[in-house]
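Trainee: My questions are about this predicted structure, shown below with the sequence.
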Amino acid sequence: MDEQPSSVPGIPDTAVPDDWFRPGAASPIRVTHLSADTSTAVLTRPVPAFEPAAPAPAAPAAPTPQAAAGRRAKHAPRKAAPFRLRTKRRRRRSLPEVDVADMRITALVPAHNEEDQIGDTIDSLLAQQRPPERIIVIADNCRDRTIEIAHAKGVDVYETVENQHKKAGGLNQVLDRLLPDLGPLDAVLVMDADSTLGPEFLGHGLERLATGQWAGVGGTFTGKPGGGFVGMLQRNEYARYVRDVQRLQGRALVLTGTATLFRAVALQEVVEARRAKELPGSPQVYDTRVLTEDNELTLAILHLGLRIICPPKCTLETEVMLTWRDLFNQRLRWKRGALENLTDYGWTRVTRGYWGRQFLSLIGLLVIFIYLSSLVFAFATTGRVNVQPVWMIVTAIFALERAVTVRSRGPLQMFLGGLVVVEMAFDLFLQAAQAKAFWDALRNKERKW
């Protein structure tokens, strides 16, 4: 089998079947119905100028009834079937230790109409102090210049066809083909197309994975510029997140989809555990039924007895939501998805801490409701607002915490953070998303995004 040229000059390719590629093809070259959860896809490679044009592809086979039904039910609602975990959690353990110098990285970048940001994302991968051996942009129903820009950067492009499961479905299409050929020396990076990595991300992440102690290494992210006032509040929120992770020495709750580096053998274990019904979902890496596939994959890895970490030096920037509506929908999806992930897994040694945080969030909602109700009641009965001393103390503590936790953003942000009227309003906005997530989950409302 002839070896394809490397995506990164001077660095050898990992083993990927040659029939994934066809020089010059910008459209599907074959139709293969893989399973009920996976759709046809094609991997294309940019064409050098001197290569002759490839012959026209053969006409695709007639679609099966299942595929035709899939087209009619575009982006079908996600309804997870009840699941009971067979094993509460395997004993905490490590993966085989390997020499970091021998390890290989394959970077997967799912993208849907990301022409404005995909170039910067690829550049951040190529500029790594330890760059990946292969970069694959997973173009999901792109109608802009995403594919053209990715080709111009010299990376591989995998075009999904009839993908009904958005990001998780596109990633599964590639990982279904990729994982069987990977081994203990391989790592897989999954990152969003709107994120850019700090130059040391992959180097530090690979060092952690090589020890065998960690199955996944996530990043600590800050917000990109833009978004006006709502963008500024998100950047402050992300700065607090970075501070919390650093204080906890890299211990984090979730390997976020912004950027995470996995040991390939850990992902293979997830697939096999799903096949054996030890974990929820079909035998693929990502569970396509859920709203928050990255949160669910984190729980899956932890239930296999493996560990995760977010080192302070693994930094990146990610896009902020530009409008209040987009931000509300994003947080509603995150919070609703987290609740339903926990419902799928039930009460285990892994999930009890997560359930505890959900309980504290619920208590926080009740406290805020009582506080606001007391103000409204006082105004309705006396015509003025009487703030009790206990609430004044709580408000002062809140203002101080908001100011101190954004010190890394400078004096201006500390001043704005200390203004109760700004931060309290933003906190109430986020609590509203949390309350709706609880209410939708309680009513078992259909989940979709």
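Mentor: Looks like it came in fine.
Trainee: Which SSE is immediately downstream of the helix or strand bottoming out on mean pLDDT in the chain?
Mentor: Here the helix or strand of the chain ranked lowest by mean pLDDT, DSSP states H and E is helix 65-72, holding a mean of 43. For helix 65-72, the succeeding helix or strand toward the C-terminus, using DSSP states H and E, is strand 104-111.
Trainee: what's whichever strand or helix holds residue 295 packed up against?
Mentor: Assigned by DSSP H and E, residue 295 belongs to helix 293-303. The contact analysis (3 or more C-beta pairs under 8 Å, 6 or more residues apart in numbering; DSSP states H and E) places helix 293-303 against helix 264-275, strand 308-309, helix 324-345. In this view, the C-beta of every residue, glycine as well, is placed from N, C-alpha and C.
Trainee: Next, format those as a markdown table and append mean pLDDT, mean neighbour count and distance to residue 124.
Mentor: Formatted as a markdown table, the helices and strands packed on helix 293-303 follow (pLDDT from 0 to 100; neighbours: other C-beta atoms under 10 Å; distance: least, C-beta to C-beta, whole Å):
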| stretch | mean pLDDT | mean neighbour count | distance to residue 124 |
| --- | --- | --- | --- |
| helix 264-275 | 98 | 20 | 22 |
| strand 308-309 | 96 | 21 | 21 |
| helix 324-345 | 95 | 19 | 22 |
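Trainee: Make JSON lines from these and add distance to residue 402 to it.
Mentor: Formatted as JSON lines, the helices and strands packed on helix 293-303 follow (distance: least, C-beta to C-beta, whole Å):
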{"stretch": "helix 264-275", "distance to residue 402": "38"}
{"stretch": "strand 308-309", "distance to residue 402": "28"}
{"stretch": "helix 324-345", "distance to residue 402": "18"}
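Trainee: of those, which approaches residue 112 most closely?
Mentor: Closest approach to residue 112 among the helices and strands packed on helix 293-303 (C-beta to C-beta): helix 324-345, 14.9 Å.
Trainee: Name the next helix or strand downstream of that closest one, please.
Mentor: Next along the chain after helix 324-345, taking DSSP H and E as the criterion, comes helix 351-382.
Trainee: quick check: mean pLDDT across that following helix?
Mentor: Averaging pLDDT along helix 351-382 gives 87.
Trainee: so residue 251 sits right up against residue 312, yeah?
Mentor: No: checked against C-beta atoms under 8 Å, the pair residue 251 and residue 312 is beyond contact range at 11.3 Å.
Trainee: Could I get the contacting residues of residue 228?
Mentor: Contacts for residue 228 (C-beta atoms under 8 Å, 6 or more residues apart in numbering) come out as residue 322.
Trainee: wait, isn't residue 339 in contact with residue 438?
Mentor: Yes: counting by C-beta under 8 Å, residue 339 does reach residue 438; the two are 7.2 Å apart.
Trainee: Might one say that residue 260 is in contact with residue 189?
Mentor: Yes: judged on C-beta under 8 Å, residue 260 makes contact with residue 189 at a distance of 7.3 Å.
Trainee: Helix, strand, or coil at residue 183?
Mentor: In three-state terms, and counting by DSSP: H, G, I helix; E, B strand; the rest coil, residue 183 is coil.
Trainee: okay, it: pLDDT?
Mentor: 97.
Trainee: now it: how far from residue 301?
Mentor: 18 Å (C-beta to C-beta, to the nearest Å).
Trainee: neighbour-wise, which of these two wins?
Mentor: residue 301 (25 against 12; other C-beta atoms under 10 Å).
Trainee: Next, the contact list for that one, please.
Mentor: Per C-beta under 8 Å, 6+ apart, neighbours of residue 301: 215, 216, 255, 266, 270, 308.
Trainee: if you set the cut-off to 6 Å instead, what comes out?
Mentor: 215, 216 (C-beta atoms under 6 Å, 6 or more residues apart in numbering).
Trainee: can you pull the pLDDT of it?
Mentor: 97.
Trainee: can you check residue 18 too?
Mentor: Predicted confidence (pLDDT) for residue 18: 41.
Trainee: and what of the one 5 residues further on?
Mentor: According to the model's per-residue confidence, residue 23 sits at a pLDDT of 34.
Trainee: now swap in residue 92 and tell me
Mentor: 86.
Trainee: In space, what's closest to it - neighbours in sequence excluded?
Mentor: residue 305 (5.1 Å; C-beta to C-beta, 6 or more residues apart in numbering).
Trainee: now do residue 271
Mentor: Nearest non-adjacent residue to residue 271 (C-beta to C-beta, 6+ apart): residue 283, at 5.3 Å.
Trainee: and residue 365, which of the helices and strands packed on helix 293-303 is closest to it?
Mentor: helix 324-345 (11.2 Å).
Trainee: since we're on the residue nearest to residue 319 when sequence neighbours are not counted, how many residues are nearby?
Mentor: In space, and not counting its chain neighbours, residue 319 is closest to residue 194: 3.9 Å by C-beta to C-beta, 6+ apart. By other C-beta under 10 Å, the residues close to residue 194 number 19.
Trainee: Ramachandran coordinates for residue 194?
Mentor: The phi/psi pair for residue 194 (degrees, to the nearest 10) reads phi -110, psi 20.
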